[in-house]
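> Output the structure for:
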Amino acid sequence: DWTVGVLTVSDRVTGRQMEDKTGPEIIHYLKEKKFSTQFSSATVPDEKELIKKQLIEWTIKGLNLIVTTGGTGFAPRDVTPEATKEVIEREATGLTTMMLLESYKKTPHALLSRATCGTREKTLIINLPGSVKAVRECLDVVLPMLPHALGLLSDVKSESSHQAHHPEDQKKSESPHSKDHTHAHSHSHSHSHSHSHHSHGQSPLRKQSPWPMIPVEDALKIVLSFTSINDTEEMEVEKCLGMHLAEDIASAEDFPPFRASIKDGYAVVFKDGVGEYPVLENIMAGTIPKQTVKPGTISRIMTGSAVPEGADAVIMVERTELIPKTGEEQERVRILEPAKREGVDIRKIGSDIAKGEIILSKGTKIGPAEMGLLATVGVKRVKVVKLPKIGVLSTGDELIDPLSTNDLQPGQIRDTNRLTLISALHSLDFPCQVMDMGIAKDTESDLKSKMREALSKADIIITSGGVSMGDLDLMHPLLTQLGTIHFGRIMMKPGKPTTFATVEYDGKSKIVFGLPGNPVSSLVCYYLLCLPAIRKMAGFSRPDLVKIGVRISSALELDPERPEYHRCSIEYKDGEFWGQSTGNQISSRLLSLKSANGLLILPRSSNTLPKGSMVDAYVIGSLL
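From the prediction side, this is the model:
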């Protein structure tokens, strides 16, 4: 039974100005033809990035077929083909041509369709027009080829695939009048049997997660695809340390704005050479020269001072000698070594920064050096990416506030996750607004109330607990009710039940991370998934964690079921990075994170890695 995603692309449908008729029609058609019973559906406006996000998410989930409807014409906002072409890896021009030719037989207007088809990994993507009639016509054309195409993509040998390769076998068993009926019957019978077999093999008492377990890399792709850079705002420069520029900064003036001396010494005429010369004046930094240096005269000058008119070189003071005065005569200085060339030790106007030059590019993180540059060219206010607002919420009846003065009662534990996550956020090398959303009880009403409060205040909500399969693990049902869960399990240790969702709230898409309740799991997943999303929202062009190669200081036993992110202490010695395990890695043991500045990326295997083996590691703390 093929898995199918149906994506309706329409501003008007998304804005509830009209009913979606083509999306449901596609699902009805494919059910009617007994092609599939497993459908995902979504509606997005005519925005290329949103179309791409949905296509990528479904391909990551491994859907066999994605059918889009709408946005294939000539209108300015018809961008479905452009979005699709940026997602697919190989075009399927045969399907596109076949639909176009058959549709042209019905109406010449079919030539105005710009639909495209293609594959990404094991998923086939087909663009259809936005009318019910055109949708049925196009599906009539491509449907006979879909089982074979999808079988090739998924390496499944089916009866339909065999018939496509050996049409003579099909002809022997069919008459021309019964061909369509026979194909439909054969296809339906095959999947009916498969479904029946699957149903009998599953225990009705076993509680299973509905979410497929996906690799960490795929989970991160999904997270970043649904994370957008924050809006921008204009702020005073002195308040922007650690933030990211949302615009290019060009200098409004030359720097230096005047010819400036590089050395303490004397402003001279280059051609004069060695000899004794009268000193016209002393030019201090911040003052304006009053006299013009003519041949046979010099002026004393300090570093950074404006070079007077007439002077075309500066002789450093170490190459001169002061001549003692014998009375009230003018001060005189002997030049011991001539200037090597005109312009020596003089900074030209605009030699450091020219007027109109871009000194900082959009996306630059504003650090101390960048603050100095902005001050140099006189910038008072800049446009920056707004700081992410992050709410941290714990869940569980067993939790009490760690700062509470009350003694622990039987069955209670202190809420360490919230304080740990908030501290991790405050220790970042860029600012963000962190909000403590407290503890939600294990009731639908309290969890929903706390979540709505967090959604009203934060861009990103990080929760811990309530994402496993227990009777009081309520986060999945709530997120399904409020928004869309994009994944609910990850193939990793620790952190398997980590969940990611988006919720539309007050006209804005909010991001929700449901982290496990075990302290180590929550913090490891924060580094691997939450932190890259926060960095992207804050404006980082490369939000991923830094990855380096390290040698392990001791033999490590690998997990045969899941890749492990093993806490370690990384240090540099003998020209290499070495990773020392922090000990017992059980997910509830917070001591394993003490002194940890790295996560060893250990592959899934039943083997043991010997001491000295080289593995990749994520850096989560200072290496100094």
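
> Could you list the low-pLDDT ranges of the stretch 101-250 of the chain?
Residue ranges of the stretch 101-250 of the chain with pLDDT under 70: 155-208.

> who's in contact with the residue lying closest to K122 once chain neighbours are set aside?
Counting by C-beta to C-beta, 6 or more residues apart in numbering, K122 lies nearest to L153, which is 4.8 Å off, once chain neighbours are set aside. In this view, the C-beta of every residue, glycine as well, is placed from N, C-alpha and C. When the contact criterion is C-beta atoms under 8 Å, 6 or more residues apart in numbering, the partners of L153 are N64, T119, K122, T123, L124.

> number of nearby residues for the last one?
Put plainly, it is L124. When counting by other C-beta atoms under 10 Å, one arrives at 26 neighbours for L124.

> Then it would be within a strand, right?
Yes. Per DSSP: H, G, I helix; E, B strand; the rest coil, L124 lies within a strand segment.

> what are the bridge partners for it, then?
Counting by DSSP bridges, L124 forms beta bridges with L65, T119.

> Wait, I229 touches V384, no?
No. In terms of C-beta atoms under 8 Å, I229 does not count as a neighbour of V384; the distance is 11.3 Å.

> what sits in contact with each of the two?
Common contacts of I229 and V384 (C-beta under 8 Å, 6+ apart): G539.

> The two: which has the busier surroundings?
Here I229 and V384 are set side by side on neighbour count (other C-beta under 10 Å), and the busier one is V384, at 23 against 18.

> What residues sit buried inside the helix or strand in which that one is found?
Take DSSP states H and E as the rule and V384 turns out to sit in strand 381-385. When neighbours are counted by 16 or more other C-beta atoms under 10 Å, the buried residues of strand 381-385 are found to be V382, V384, V385.

> Next up, the contacts around E19.
Taking C-beta under 8 Å, 6+ apart, we find E19 in contact with V13.

> if you set the cut-off to 10 Å instead, what comes out?
Contacts of E19 were listed using C-beta atoms under 10 Å, 6 or more residues apart in numbering, and they are R12, V13.

> go on, G94?
So, once contact is read as C-beta under 10 Å, 6+ apart, G94 ends up touching C117, V142, M145, A149.

> Just among the residues you listed, which is most surrounded?
C117 (25 neighbours).

> Please look at that residue and A92 and confirm they touch.
Yes. Taking contact to mean C-beta atoms under 10 Å, the distance of 4.1 Å between C117 and A92 places them in contact.

> Mutual contacts of these two, please.
Contact criterion C-beta under 10 Å, 6+ apart; residues shared by C117 and A92: M98, L124, I125, I126, V142, A149.

> before we move on, the earlier item: look at the residue nearest to K122 and give its secondary structure.
Of the three states, L153 takes helix according to three-state DSSP.

> Quick check: T416 vs G466, distance?
From T416 across to G466, the span is 16 Å (C-beta to C-beta, to the nearest Å).

> Neighbour count: those two, which is higher?
Comparing T416 with G466 by neighbour count (other C-beta under 10 Å), the higher total belongs to G466, at 27 against 16.

> Now do the contacts for the more buried one.
393-396, 440, 442, 447, 472-479, 497, 499, 514-517 are the contacts of G466 under C-beta under 10 Å, 6+ apart.

> Helix, strand or coil: sort out it for me.
For G466, the secondary-structure state derived from three-state DSSP is coil.

> pLDDT score for it?
The predicted local distance difference test score for G466 is 91.

> do the same with the one 10 residues further on
For H476, the pLDDT comes out at 90.

> ok, residues contacting the helix or strand hosting it?
Secondary-structure assignment from DSSP H and E places H476 in helix 475-482. By C-beta under 10 Å, 6+ apart, the surrounding residues in contact with helix 475-482 are 209-211, 393, 395, 440, 444, 447-448, 451-452, 455, 463-469, 485-486, 488, 497, 499-505, 510, 512, 514-515.

> Those in helices, which ones?
Counted as lying in helices by DSSP state H, out of these, are E444, L447, K448, M451, R452, L455.

> Need these in CSV (columns: pLDDT).
Formatted as CSV, the entries for the ones in helices among the contacts of helix 475-482 read as follows, by pLDDT from 0 to 100:
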residue, pLDDT
E444, 93
L447, 96
K448, 96
M451, 97
R452, 97
L455, 97
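
> of these, buried ones?
Buried among these by 16+ other C-beta under 10 Å: L447, K448, M451, L455.

> hang on, the earlier thing: relative to V13, which of the buried residues of strand 381-385 is nearest.
For V13, the closest of the buried residues of strand 381-385 turns out to be V385, at 31.4 Å, with distances computed as C-beta to C-beta.
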